[in-house]
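Enquirer: Pasting the sequence and the predicted coordinates here, then a few questions.
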Amino acid sequence: MLKRIMDRLFFTCEHTSYLVERDKVDRLPLLQRFRYWVHLRYCTTCMKFKKQSDRLDDILALMFHKNHGRKKLEKMDEVSKETMRKRLEEKINR
């Protein structure tokens, strides 16, 4: 009986790690968010996982959403596009 009460009050670490990632995509319902918050306050391992996951998301966002110091890609001119089209058509028709 006590186990059932504890299971209803607290999430497992496995479920909490799932919610860490899910919370980034969907806002959790109020009760679930509260239980998630309680677990993070008492479980240092899950809190560490959340911080590492957040940091990894920040790094990936920097890598894929910004040019990362690289020069912006220039558009290909029309002559080059046409030349490329012709070469591709030749290779396809062989």
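Expert: Happy to help now that I have it. Keep in mind the model is a prediction, meaning the values are calculated, not measured.
Enquirer: right, and the helix or strand after the helix or strand harbouring Arg55?
Expert: Using DSSP states H and E, Arg55 sits in helix 44-65. The C-terminal neighbour of helix 44-65 among helices and strands, as given by DSSP H and E, is helix 78-93.
Enquirer: Name the surrounding residues that touch that next one.
Expert: Met76 (Cβ atoms under 8 Å, 6 or more residues apart in numbering). Any C-beta I mention is one placed from the backbone N, CA and C, and that applies to glycine too.
Enquirer: Count residues in the vicinity of the residue lying closest to Leu19 once chain neighbours are set aside, would you?
Expert: Nearest non-adjacent residue to Leu19, counting by Cβ to Cβ, 6 or more residues apart in numbering: Tyr36, 4.9 Å away. Residues near Tyr36, counting by other Cβ atoms under 10 Å, number 21.
Enquirer: The one 3 residues further on too?
Expert: Residues within reach of His39, counting by other Cβ under 10 Å, total 19.
Enquirer: swap in Leu60?
Expert: 10.
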